[in-house]
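Enquirer: Build me a structure from this.
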Amino acid sequence: MSVSKAIRIFAPVSAAIALGYMVAAWRLPWGHLDSPGAAVFPLLVGTLWLGVSLALLVEHWGGKDSSPSEFPRGRDLARMLGVPLITAVYIVLLEPVGYVVSTLLLMLACLRLFGLADWRLVVLFSVLVAVVTYVAFSQLLLVPLPRGDWLP
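Expert: Numbering: from 1, shown residues only. Coordinates of the predicted model:
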């Protein structure tokens with residue numbers, strides 16, 4: 001299957017999911033101009049998501065395939081399928097394990113999946129991302145993040 005054909009199949013499905021996401025977000029509180037509610041960010045994300053899906057659909061609809069490239073195979077397919085799998089595991093682990101540990105594991109897995117071979121760099125970068133994002137969100141932006149069930 002060519003990439004263009006895969007996109008012609010994927011783009012309408014993605015657009016439909018984006019619309020469903022936006023409908024769900026529409027039901028959230030809107031807030032006020034000086035204090036936006038919970039609906040604002042999801043609606044922005046949904047709008048961008050829908051726009052990208054429709055742009056892909058328009059770009060790859062009809063005509064000949066602009067590129068004869070094939071659907072990913074081998075290592076590229078493993079990478080393509082690995083990211084959603086790693087993300088799903090991250091979502092499952094987030095509450096029971098906590099933000100810092102699950103984010104550290106997510107970064108470790110993704111960096112290794114994409115070929116960073118030096119374990120020292122992988123660990124260093126993973127720790128930095130987990131700690132810096134935790135401090136930024138929990139301390140600076142005052143966003144409560146999961147601490148994990150194993151912490152008191």
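Enquirer: could you pull out the helices for the protein?
Expert: When secondary structure is read from DSSP state H, the chain shows helices at 3-26, 40-60, 75-97, 99-113, 119-134.
Enquirer: Any chance you could list what contacts the first one?
Expert: Among residues not part of helix 3-26, those counted as contacts by C-beta atoms under 8 Å, 6 or more residues apart in numbering are 39, 42-43, 45-47, 49-50, 52-54, 56-57, 59-61, 65-67, 69-71. (Each C-beta comes from the backbone N, C-alpha and C, glycine too.)
Enquirer: Mind giving me the PyMOL select for those, buried ones only?
Expert: Typed into PyMOL, the line below selects the buried ones among the contacts of helix 3-26, using 16 or more other C-beta atoms under 10 Å:
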select buried, resi 39+42+43+46+49+50+53+56+57+60
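Enquirer: May I have the helix or strand of the chain with the lowest mean pLDDT exported as CSV, CA atoms only?
Expert: Using mean pLDDT, DSSP states H and E, the weakest-scoring helix or strand in the chain turns out to be helix 3-26, at a mean of 87. Taking C-alpha atoms only, helix 3-26 is exported to CSV below (Å, rounded to 0.1, in the frame of the first residue of the first chain):
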residue,chain,number,x,y,z
VAL,A,3,1.7,6.2,1.6
SER,A,4,-0.9,8.3,-0.3
LYS,A,5,-3.4,5.5,-0.2
ALA,A,6,-2.8,5.0,3.5
ILE,A,7,-3.3,8.7,4.1
ARG,A,8,-6.5,8.7,2.1
ILE,A,9,-7.8,6.0,4.5
PHE,A,10,-6.3,7.5,7.7
ALA,A,11,-7.2,11.2,7.2
PRO,A,12,-11.0,10.9,7.2
VAL,A,13,-10.8,8.6,10.2
SER,A,14,-8.6,11.1,12.0
ALA,A,15,-10.9,13.9,11.1
ALA,A,16,-13.9,12.0,12.5
ILE,A,17,-12.1,11.4,15.7
ALA,A,18,-11.1,15.0,15.9
LEU,A,19,-14.7,16.1,15.5
GLY,A,20,-15.8,13.7,18.2
TYR,A,21,-13.0,15.2,20.4
MET,A,22,-14.2,18.7,19.7
VAL,A,23,-17.9,17.8,20.5
ALA,A,24,-16.8,16.4,23.8
ALA,A,25,-14.6,19.5,24.5
TRP,A,26,-17.6,21.7,23.6
